[in-house]
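Asks: okay, predicted coordinates and the sequence, questions at the end:
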Amino acid sequence: MSLTAAGAIGEHTAHERAVPSEKALSTSDEKSFDGKGDVESATEDADSEEAILADELDIATHVISLDDDPTLNPWTFRAFFIGLGLSAFGGVLAEIYYFKPQTVLVSLMFLAVISYVLGVFMETFIPTRGFFRYLNPGPFNKKENAFIVIMASASANSALGTEVLAVQRLYYNITPNPGASIFLLFSSQLLGYGIGGMMRGILLYPSKMLYPGVLPLLSMFDALYEGGIAARKKLRVFYIVFAVIFIWELFPEWIFPLLTGFSIICLAAPNNAAVSRVFGGSNGNEGLGLLSICFDWQYISGGVNPMTIPLKAQFSNLLGYILCMVVFVAVYYNNIWKAQNFPFLSQLLFYENGTEYNQTLILNANYEVDPTLLAEQGVPYYASTWVVYLLTSNLGLAATFTHLLLWNWDDLRSAWSWMTLSSLKQMWANFNWRVWQADGMRTQDIDDEHIDPHYKQMLKYPDAPNSWYFAVFVLSFIVSLVVIYTTNSTLPWWGFVISLLLATISILFFGALFAITGLGFIIQPFVQMIGGYLHSGKPVANMYFVLYGYNTVTQAQLLLRDLKIAQYAKLPPRAAFTAQIVGTLLGAILNFIMMNSIIDNQREILLSIQGTNIWSGQQPQQYNSQAIAWGGLSHELFSAGQRYQWVPWAYVVGLFIPIPFWVIHRYFPKLRADYLYTPVIAYFIGWLCVGINSSILSYFAVAFLSQWWLRTRYPRWFAKYNYIIGAALDGGTQVMVFILSFAVQGAGGTSHLFPAWWGANQGGNYDHCAMLN
């Protein structure tokens, strides 16, 4: 098996793909449980003419329109006007809420909906003559909308570099030069763009790199901008679902929060601590949420929309979820790592007696770990479930390398096949250092059936060539080398180089996993561990190592995701490149300005443990704590013979996990071991370590309803409506949650909770499970 998103498993013949439209859905040769097929190859009727969307190419060509109108112009003043406005809005808001007790995210779907509303408003009410023709050059089109979304999404996040700068100012009394700080943000945000951009041929162009998370957005674009009866029907469905979920979210989010996690077992045993740990889950770090039912789409679709993730990935995710509950309960009730001394779920460090560890008491005047002070305080403990998360995430991260090399060698080998002497000589001979002169036209056989149909449509537009991305990388690399020595980072040049090598390898493997399955792995703990071993006792160096080793990977994945949006929307590559660079640079500048303003005016509050209901330093506090724990205590916590020695050893063990499954499938293919994604199973054994867990059962119910029942029983309906409904559910929810965040949930200052009643247990857990200390 190759790691395909929804690949047909069984001996199916290939679908005819000559006419990639909804009407061209053809019949697979084998449908039903005949021993050669599987649960994904069944249909309602063996004689049905409807075929199941069996792989990535089927999904990409039958769910998203292949049509392209080259006359549509994204380079309009209107697109820049709205794009820059939403970029400023998103960048400022993201940084403000980094210092808030409550997080408000500006999501991709929210930006798409708001930009569409603004675009249509300008089209409708602004005159088309005189000066105003620049604000209204004609009908607002899909490429303008995609351009705006890509620009704004690049800006609408708090750059990790501002976290590093904030921690330096708050806890180390270091205020780097403003110019150096700005260039630190620029370089750290763009390094990932440079590396990820040079991997487009592997992680973007092929059909196998589906990026399922963006399919609802593109389905919405098709419904909004395409004419015809079918598009109008989809648009009507979108508006109805959007309106219904918009109104519904008032109830679980404010009026009736019990709907966030309805647990009959909690209601039957409201004072039982064990019940709370296993069955509770409506509040943060409450419990595992077993058998809880969630009616709040914000949490059901909080990480990824369950209607988009392919069934194979969902099945492995489910196995990891089941194992997670078993392992967490077993570790806690067997008191492994003194689990019962500490909270069931927590990310903090503790003394052995269960009180929170004061990390400042082990640091000397240079904010490095002092061995004498550490001996006085003792080596801290983690909650045991958090140790399981660290251990299993390392298992999953390591298994990713082996799994992809075994199953997807042909898909990835171009990443290293160029490293031969002859290839390097040819690349050097053909490389044009005058990057501004590159015409960007690609010479490829458009009749090649292996070329992705959407990518084939993009060949008519000049590309943003690899030399552009290489230039971005080189400039960012040089700037980074300068700023790490001008910002008191304590990170040596060789540590910076190692962090980038680690990031480059991670982008290839974890980028491929994300593109294929839609499931992203958080590699920050692993990067922190490596940085801790390389720069022992230097928490600031660890922060910078994580900035370049982890943030680079995140930025590359965001770049490639947004470039996939551009490919599906037929937005010319140079327009997408411009939108991403402009949005990123603008966002970094606004992040820096807002960070300094907030720290200047709220420093004492940010340094306090509790903060206020308006400002909180919890995120920089946590980031600093992690840097101290990993950068200062890696050897004491994780080295051989230490308390948590199996956390790093898990990375070695993880390399071997996929091998037995590959061997079993090779010699016993009927056992279908190829259906399992071992990295996903291993990683998600630690899934429930933090947050609200009452939504998991509902998440899988929706996932299997969509990706199995609807896709195999009603494939034509699935192709038409599954992703547009997913877009409407996300869009309506995110708009209402954004409004409620400011109106009643304290984002604007004072919170206004709904009056307490049985369905709104404001003094405890919403599901009525016991509150545990």
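Replies: Perfect, thanks for sending it.

Asks: from here on, just use CA atoms for contacts and neighbour counts.
Replies: Will do.

Asks: is Ile598 in a helix, a strand, or coil?
Replies: At Ile598, secondary structure determined by DSSP: H, G, I helix; E, B strand; the rest coil is helix.

Asks: for it, give me its contacts.
Replies: Ile96, Phe99 (Cα atoms under 8 Å, 6 or more residues apart in numbering).

Asks: show the pLDDT at the residue lying closest to Lys338 once chain neighbours are set aside.
Replies: Leaving aside its sequence neighbours, Lys338 sits nearest to Ser384 (Cα to Cα, 6 or more residues apart in numbering; 7.6 Å). Listed pLDDT for Ser384 reads 95.

Asks: and Gly138, by the same measure?
Replies: So Gly138 comes in at 87 (pLDDT).

Asks: how near is it to Trp649?
Replies: 61 Å (Cα to Cα, to the nearest Å).

Asks: cool, Thr71 as well?
Replies: Using Cα to Cα, Thr71 is found at 57 Å from Trp649.

Asks: neighbour count for the two, which is higher?
Replies: Taking neighbours as other Cα atoms under 10 Å, Thr71 and Trp649 compare with Trp649 leading, 16 against 6.

Asks: chain center to the helix or strand containing that one, what's the gap?
Replies: Trp649 belongs to helix 646-654 when assigned by DSSP states H and E. Remark: helix 646-654 is offset 24 Å from the chain centroid, using Cα atoms, centre = their mean, to the nearest Å.

Asks: just stretch 740-751 next, same as before
Replies: Distance, centroid of stretch 740-751 to centroid of chain: 26 Å (Cα atoms, centre = their mean).

Asks: so after whichever strand or helix holds Ile150, what's the next helix or strand?
Replies: Assignment of secondary structure by DSSP H and E places Ile150 within helix 142-155. Downstream of helix 142-155, the first helix or strand assigned by DSSP H and E is helix 160-171.

Asks: ok, now which ones touch the residue nearest to Leu390 when sequence neighbours are not counted?
Replies: In space, and not counting its chain neighbours, Leu390 is closest to Val647: 6.3 Å by Cα to Cα, 6+ apart. Neighbouring residues of Val647 by Cα under 8 Å, 6+ apart: Val387, Leu390, Leu391, Asn394, Phe638.

Asks: the one helix or strand the second one maps to - contacts with which helices or strands?
Replies: Leu390 is part of helix 384-407 when elements are defined by DSSP H and E. The criterion is 3 or more Cα pairs under 8 Å, 6 or more residues apart in numbering; DSSP states H and E, and the helices and strands that helix 384-407 contacts are helix 311-333, helix 493-517, helix 646-654, helix 658-667, helix 678-683.

Asks: how about low-confidence regions in the protein?
Replies: Scanning the chain for pLDDT under 70 picks out 1-50, 101-105, 366-367, 414-449, 609-614, 747-749, 773.

Asks: wait, what's in contact with the residue nearest the centre of the chain?
Replies: For the chain, the residue nearest the mean C-alpha position is Gly520 (5.4 Å; Cα atoms, centre = their mean). Residues in contact with Gly520 (Cα under 8 Å, 6+ apart) are Phe510, Leu513, Phe514.

Asks: now the residues you listed in a markdown table, with distance to Trp708 and neighbour count?
Replies: As requested, these are exported to a markdown table (distance: Cα to Cα, whole Å; neighbours: other Cα atoms under 10 Å):
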| residue | distance to Trp708 | neighbour count |
| --- | --- | --- |
| Phe510 | 26 | 24 |
| Leu513 | 21 | 27 |
| Phe514 | 21 | 21 |
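
Asks: okay, those in TSV with distance to Leu559 next?
Replies: Formatted as TSV, the contacts of Gly520 follow (distance: Cα to Cα, whole Å):
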residue	distance to Leu559
Phe510	14
Leu513	15
Phe514	13
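
Asks: re the thing from before, could you flag which of the contacts of Val647 are buried?
Replies: Val387, Leu390, Leu391, Asn394, Phe638 (16 or more other Cα atoms under 10 Å).

Asks: out of these, who's nearest Ile565?
Replies: Nearest to Ile565 among the buried ones among the contacts of Val647, counting by Cα to Cα, is Asn394 at 30.6 Å.

Asks: ok, the closest one touching Tyr651?
Replies: Yes. When contacts are counted by Cα atoms under 8 Å, Asn394 is listed as touching Tyr651 (5.0 Å).

Asks: what's the separation between the residue nearest to Lys338 and Gln340?
Replies: Distance, Ser384 to Gln340, using Cα to Cα: 9 Å.

Asks: need the residues touching each of the two.
Replies: Residues touching both Ser384 and Gln340 by Cα under 8 Å, 6+ apart: Tyr332.

Asks: surely the residue nearest to Lys338 and Tyr333 touch.
Replies: No. When contacts are counted by Cα under 8 Å, Ser384 is not listed as touching Tyr333 (10.5 Å).

Asks: what residues do these two have in common as contacts?
Replies: With contacts defined as Cα under 8 Å, 6+ apart, the residues shared by Ser384 and Tyr333 are Ala339.

Asks: who's more crowded, those two?
Replies: Legend: neighbour count by other Cα under 10 Å for Ser384 and Tyr333, higher for Ser384 (27 against 13).

Asks: show me what contacts that one?
Replies: Residues counted as contacts of Ser384 (Cα under 8 Å, 6+ apart) are Val331, Tyr332, Ile336, Trp337, Lys338, Ala339, Phe342, Phe344.

Asks: cutoff 10 Å now
Replies: Ser384 is in contact with 328, 331-332, 335-347, 390, 644, 689, counting by Cα atoms under 10 Å, 6 or more residues apart in numbering.

Asks: over to Thr260?
Replies: By Cα under 10 Å, 6+ apart, Thr260 lies in contact with 251-253, 281-283, 292-300, 692-695, 766-767.

Asks: of those residues, keep whichever come out buried.
Replies: Buried members of those, counted by 16+ other Cα under 10 Å: 251-253, 281-283, 292-300, 692-695, 766-767.

Asks: can you name the two of the contacts of Val647 that sit furthest apart?
Replies: Asn394 and Phe638 (12.8 Å).

Asks: what about the closest residue to Ala770 other than its chain neighbours, distance to Trp75?
Replies: In this structure, Ala770 finds its nearest non-sequential neighbour in Asn271, 4.9 Å apart by Cα to Cα, 6+ apart. From Asn271 over to Trp75 the distance is 61 Å, taken as Cα to Cα.

Asks: let me know the outermost residue of the chain.
Replies: Gly130 (44.1 Å).

Asks: what about the helices in the stretch 1-150 of the chain?
Replies: 56-62, 77-98, 108-125, 142-155 (DSSP state H, counting those that start in this stretch).

Asks: sort out which residues of the third one are buried, please.
Replies: Which is helix 108-125. Neighbour-count burial for helix 108-125 flags 108-116, 119-120, 122-123 (criterion: 16+ other Cα under 10 Å).

Asks: out of the residues you listed, flag the one nearest to Phe742.
Replies: The closest of the buried residues of helix 108-125 to Phe742 turns out to be Phe110 (Cα to Cα; 15.2 Å).

Asks: I'd say that closest one and Gln734 touch.
Replies: Yes. Between Phe110 and Gln734 a contact is recorded at 6.1 Å, counting by Cα atoms under 10 Å.

Asks: before we move on, back to that, turn the helices and strands packed on helix 384-407 into TSV, columns for distance to Gly532.
Replies: Shown next, in TSV, are the helices and strands packed on helix 384-407 (distance: least, Cα to Cα, whole Å):
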stretch	distance to Gly532
helix 311-333	26
helix 493-517	11
helix 646-654	12
helix 658-667	28
helix 678-683	22
